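1. Predicted coordinates and the sequence they were generated for:
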Amino acid sequence: MKFANYHRAESIEDAYEILQKDKTNTIVGGGLWLKLSRREIDTAVDLCDLGLDTIEEDEDVIRIGAMTTLSRIEESDALRNVASGIFPRAVSFIMGVQLRNVATIGGSVMGRYGFSDCITPLLALDARLDFHERGTVPLVDFLHEKGKVTDILKAVIIEKSAAKGFFKKVQKTAHDFPILNVAIVKKEKGTRIAIGSRPSVASLAKEAMEYLEKAPTPDEVIIAETARLAKETLKYSSNHRASAEYRAHLAEVYTRRGLMEVNGLED
Amino acid sequence: MKIETVVNGHKRIFDITPDELLADTLKRYDYTSVRKGCDTTSCGVCTILVDGSPVPSCAYLTARAEGKEITTVEGIAEEAERLAEHFGDEGADQCGFCNPGIALSVHALKLSRKSFTEENLRHYLVGHLCRCSGYQSQIKAIQRYLGDAK
Ligand SMILES: Cc1cc2nc3c(=O)[nH]c(=O)nc-3n(C[C@H](O)[C@H](O)[C@H](O)COP(=O)(O)OP(=O)(O)OC[C@H]3O[C@@H](n4cnc5c(N)ncnc54)[C@H](O)[C@@H]3O)c2cc1C
Ligand code: FES
Ligand code: FES
């Protein structure tokens, strides 16, 4: 990454104005992924003085500021209390402490990375994104959009309703990208199953979720069929980390195990 | 552009380019303990402390360090020496390239006063790769050092 100017935004409006001035102008989160890119940027806009690095909660929701580091998420008691703490747990498996002390949730979501261990649990949690211009957008919709984003993410919002959660990252070493990750959140009004790093960006296993919806108290047979549907109806591909077949197999195994766990059944 | 920081307790003014990264600035200003290995935020060799937290200096924007306190291993010389003795006793020290980064992360852990088990110590140090030691001896040495430090 190269840039000619560094601008510390004084307000979100100031950041937005600079962002619109040149198509290469870019928001810097932690700057870690940007650093690896070959982008030539006119002005890097830093949001670090805007107080977007806090985790706030009210009765219904938790609001994670876009500049919140992954370490803060990992240590947040508020987030540990949501859906068996799957989000902070998922984050704790990302690289080392040093990286998590700098990488931000904003950069992690806005990059729409296929390998993301943040997006999969957030999708299962039905997170919403709060943008400066567009207002609130469900994460699931944002992930389907294409092209460069010229808006600024202010926060990620998670509902606090009672839920059980499951998260699994399959990785070759404690220090590697995921081969596959699975997140499941069971709420009173339904279960969401998200599968990521296939290696494309996380998706909901919709057919599997719809099938499960029909069984309010699923047993082992229904869970096995739901897991099979998660394997059969999502697309899995091969890369240097794993083959499509292996990924699909992992998806079935961990969807089944996760559903057993959130339904309080012994495997 | 110019930024003002405190490095190892001393006020410093750095003259930098807007996209300069902290590892490069510190090396340029003769903090020779700061090393680069992978230069991709993967190995932990370049770890320094910013306001007491370990960060990868190979990817940390120097411009963002304005007003912050930076610690390199020169700033914790006595502590690093004590840790090095334990590394020596356990045979954990071979080429030593990874040591400054590890010393700083361990120092931050000590200052945090968090309790730790062997398992969470291993988890905490995942971001420090060492091509020589096999980690077992390092973990033992760090446990002895932290035991000492209590
Ligand atoms: C070596 C390495 C290994 C990694 N391994 C993993 C892994 O195993 N699992 C995993 O989940 N992640 C992994 N990551 C990714 C990491 O967790 C972060 O998601 C990534 O670094 C992006 O976060 P950042 O804060 O550094 O974003 P940046 O690099 O600063 O930004 C990324 C993108 O988001 C944009 N952006 C940032 N903030 C905003 C905002 N508020 N509004 C609008 N746009 C914004 C930027 O303009 C840029 O395009 C890894 C990263 C590295 C460097
Ligand atoms: S040189 Fe910075 S992490 Fe490897
Ligand atoms: S002692 Fe050689 S890299 Fe760790």
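-> Done, it's in. Ligands and ions are numbered 1, 2, ... in the order given.
2. Quick one: the helices in chain B, in order.
-> Per DSSP state H, chain B carries helices over the ranges B:22-28, B:77-90, B:99-112, B:118-124, B:136-149.
3. same for the second one, what does it pack against?
-> By that I understand helix B:77-90. On a contact count with 3 or more C-beta pairs under 8 Å, 6 or more residues apart in numbering or on different chains; DSSP states H and E, helix B:77-90 meets helix B:99-112, helix B:136-149. Heads up, the C-betas are built off the backbone N, CA and C, glycines and all.
4. Output the helices of chain B as JSON lines; include the columns mean neighbour count and mean pLDDT.
-> Below are these laid out as JSON lines (neighbours: other C-beta atoms under 10 Å in any protein chain shown; pLDDT from 0 to 100):
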{"stretch": "helix B:22-28", "mean neighbour count": "22", "mean pLDDT": "98"}
{"stretch": "helix B:77-90", "mean neighbour count": "17", "mean pLDDT": "95"}
{"stretch": "helix B:99-112", "mean neighbour count": "22", "mean pLDDT": "95"}
{"stretch": "helix B:118-124", "mean neighbour count": "14", "mean pLDDT": "93"}
{"stretch": "helix B:136-149", "mean neighbour count": "18", "mean pLDDT": "90"}
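5. could you dump these to CSV with distance to A:Leu143?
-> What follows is the helices of chain B, written out as CSV (distance: least, C-beta to C-beta, whole Å):
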stretch, distance to A:Leu143
helix B:22-28, 33
helix B:77-90, 45
helix B:99-112, 34
helix B:118-124, 29
helix B:136-149, 40
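6. looking at those helices, which is closest to A:Ile119?
-> helix B:118-124 (22.3 Å; C-beta to C-beta).
7. That closest one near chain A anywhere?
-> Yes - judged by C-beta under 8 Å from any C-beta of the partner chain, helix B:118-124 comes into contact with chain A through B:123-124.
8. residues making contact with that helix?
-> Outside of helix B:118-124, the residues within contact range by C-beta atoms under 8 Å, 6 or more residues apart in numbering or on different chains are A:92, A:97, A:174, B:105, B:109, B:116, B:135, B:139, B:142-143, B:146.
9. dump the residue contacts of the nearest residue to A:Cys118 once chain neighbours are set aside.
-> Closest residue to A:Cys118 apart from its sequence neighbours, by C-beta to C-beta, 6 or more residues apart in numbering or on different chains: A:Ser108 at 4.3 Å. The contact partners of A:Ser108, taken as C-beta under 8 Å, 6+ apart, are A:29, A:70, A:116, A:118-119.
10. Would you mind giving the secondary structure of A:Met209?
-> Counting by DSSP: H, G, I helix; E, B strand; the rest coil, the backbone at A:Met209 sits in helix.
11. tell me the contacts of it?
-> With C-beta under 8 Å, 6+ apart, A:Met209 has these contacts: A:190-193.
12. Name the member of those residues with the most neighbours.
-> A:Ile193 (29 neighbours; other C-beta atoms under 10 Å in any protein chain shown).
13. any chance of the contacts of helix B:118-124 in JSON lines, plus distance to ligand 1?
-> Output for these, formatted as JSON lines (distance: C-beta to the nearest ligand atom, whole Å):
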{"residue": "A:Ser92", "distance to ligand 1": "11"}
{"residue": "A:Val97", "distance to ligand 1": "12"}
{"residue": "A:Ala174", "distance to ligand 1": "10"}
{"residue": "B:Ser105", "distance to ligand 1": "17"}
{"residue": "B:Leu109", "distance to ligand 1": "21"}
{"residue": "B:Phe116", "distance to ligand 1": "23"}
{"residue": "B:Tyr135", "distance to ligand 1": "20"}
{"residue": "B:Ile139", "distance to ligand 1": "23"}
{"residue": "B:Ile142", "distance to ligand 1": "24"}
{"residue": "B:Gln143", "distance to ligand 1": "27"}
{"residue": "B:Leu146", "distance to ligand 1": "27"}
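14. In PDB, list the C-alpha atoms belonging to stretch A:188-206.
-> What follows is stretch A:188-206, C-alpha atoms only, in PDB (Å, rounded to 0.1, in the frame of the first residue of the first chain):
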ATOM      1  CA  GLU A 188     -36.600 -19.100  20.100                       C
ATOM      2  CA  LYS A 189     -37.800 -18.000  16.700                       C
ATOM      3  CA  GLY A 190     -35.500 -20.200  14.600                       C
ATOM      4  CA  THR A 191     -32.000 -21.500  13.900                       C
ATOM      5  CA  ARG A 192     -29.500 -19.800  11.600                       C
ATOM      6  CA  ILE A 193     -26.600 -21.800  10.100                       C
ATOM      7  CA  ALA A 194     -23.700 -19.900   8.400                       C
ATOM      8  CA  ILE A 195     -20.900 -21.600   6.600                       C
ATOM      9  CA  GLY A 196     -17.800 -19.600   5.500                       C
ATOM     10  CA  SER A 197     -14.400 -20.100   3.900                       C
ATOM     11  CA  ARG A 198     -15.800 -22.500   1.400                       C
ATOM     12  CA  PRO A 199     -13.500 -20.700   0.300                       C
ATOM     13  CA  SER A 200     -15.900 -18.000  -0.800                       C
ATOM     14  CA  VAL A 201     -17.500 -15.600   1.700                       C
ATOM     15  CA  ALA A 202     -19.900 -17.000   4.300                       C
ATOM     16  CA  SER A 203     -23.500 -17.800   3.300                       C
ATOM     17  CA  LEU A 204     -26.500 -19.000   5.200                       C
ATOM     18  CA  ALA A 205     -27.500 -22.600   4.500                       C
ATOM     19  CA  LYS A 206     -31.000 -21.500   3.600                       C
END
